[in-house]
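Engineer: turn this into a model:
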Amino acid sequence: MMMKFKQEGNGGLCRIAEPQRQLKVSFGGESYEEASGCLFTPPLNFAMVDYGIFRSGFPDNNNFSFLQTLNLRSIIYLCPEPYPDHNVEFLKSNGIQLFQFGIEGCKEPFVTIPENKIREALKVAIDVKNHPVLIHCKRGKHRTGCAVGCLRKLQRWCLTSVFDEYQRFAAAKARVSDQRFMELFDVSSLPKTFSGFKEV
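Structural biologist: Below is the predicted model of the structure:
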């Protein structure tokens, strides 16, 4: 319930209780209904990274109503394949800008993550003019996990916490090469001015 105050004719204030819009959401990929009956399904591996920054796997038609609730301004897409037409139409109709940094999805031991693309993607992600922003790849595990892990380094998270978060999303598919990439990633050239960064 939300309380609202209304000015009465005699100068006093009257409290009016108004029901708030309620949205039930989980991040396990299940669907949830709003009190009004709208169906919302988050993309696979969806989570909030920081204020105005989200992560997930590839969103499809079933996820569009959920994404609309985020009021996204930008999407960072970390795959080399062209963005599907129906997704492009969704972006256009909602005024969302697409930033694509094509990183090939490879299996170990042939994994090479281009540091320059992660660095450029992070510059877009931490620029508040692009917020709210969604970072995604195919499954929201490796490429997205590396980008978020490098962001956590910028936020001065300890490596143990960075790796724990990465492993929560990658699960049994966690890669030592991804963790090594995050460990060696140099954040010194990135801007240090966004909501999640605190100067010590």
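Engineer: element containing the residue nearest the centre of the chain, please.
Structural biologist: Closest to where the C-alpha atoms of the chain average out (C-alpha atoms, centre = their mean) is residue 54, at 1.5 Å. Taking DSSP states H and E as the definition, one finds residue 54 inside strand 53-56.
Engineer: ok, the residue nearest to the centre of the chain touching residue 134?
Structural biologist: Yes - the pair residue 54 and residue 134 qualifies as a contact (C-beta atoms under 8 Å) at a distance of 4.7 Å. Every C-beta, even on glycine, is put in place using the N, C-alpha and C of the backbone.
Engineer: so where's this structure shaky on pLDDT?
Structural biologist: Scanning the chain for pLDDT under 70 picks out 1-38, 105-111, 192-200.
Engineer: let's see it at 90
Structural biologist: 1-41, 80, 102-116, 138-143, 145, 162-167, 169-200 (pLDDT under 90).
Engineer: using PDB, write out every CA atom in stretch 73-84.
Structural biologist: Taking Å, rounded to 0.1, in the frame of the first residue of the first chain, the C-alpha atoms of stretch 73-84 are listed here in PDB:
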ATOM      1  CA  ARG A  73      18.400   2.900 -22.700                       C
ATOM      2  CA  SER A  74      21.100   0.600 -24.000                       C
ATOM      3  CA  ILE A  75      22.000  -3.100 -24.700                       C
ATOM      4  CA  ILE A  76      25.600  -4.300 -24.900                       C
ATOM      5  CA  TYR A  77      25.700  -7.400 -27.100                       C
ATOM      6  CA  LEU A  78      28.900  -9.500 -26.800                       C
ATOM      7  CA  CYS A  79      28.400 -11.900 -29.700                       C
ATOM      8  CA  PRO A  80      29.600 -11.600 -33.300                       C
ATOM      9  CA  GLU A  81      26.300 -12.800 -34.900                       C
ATOM     10  CA  PRO A  82      23.900 -10.200 -36.300                       C
ATOM     11  CA  TYR A  83      21.200  -9.200 -33.900                       C
ATOM     12  CA  PRO A  84      17.900 -10.900 -34.900                       C
END
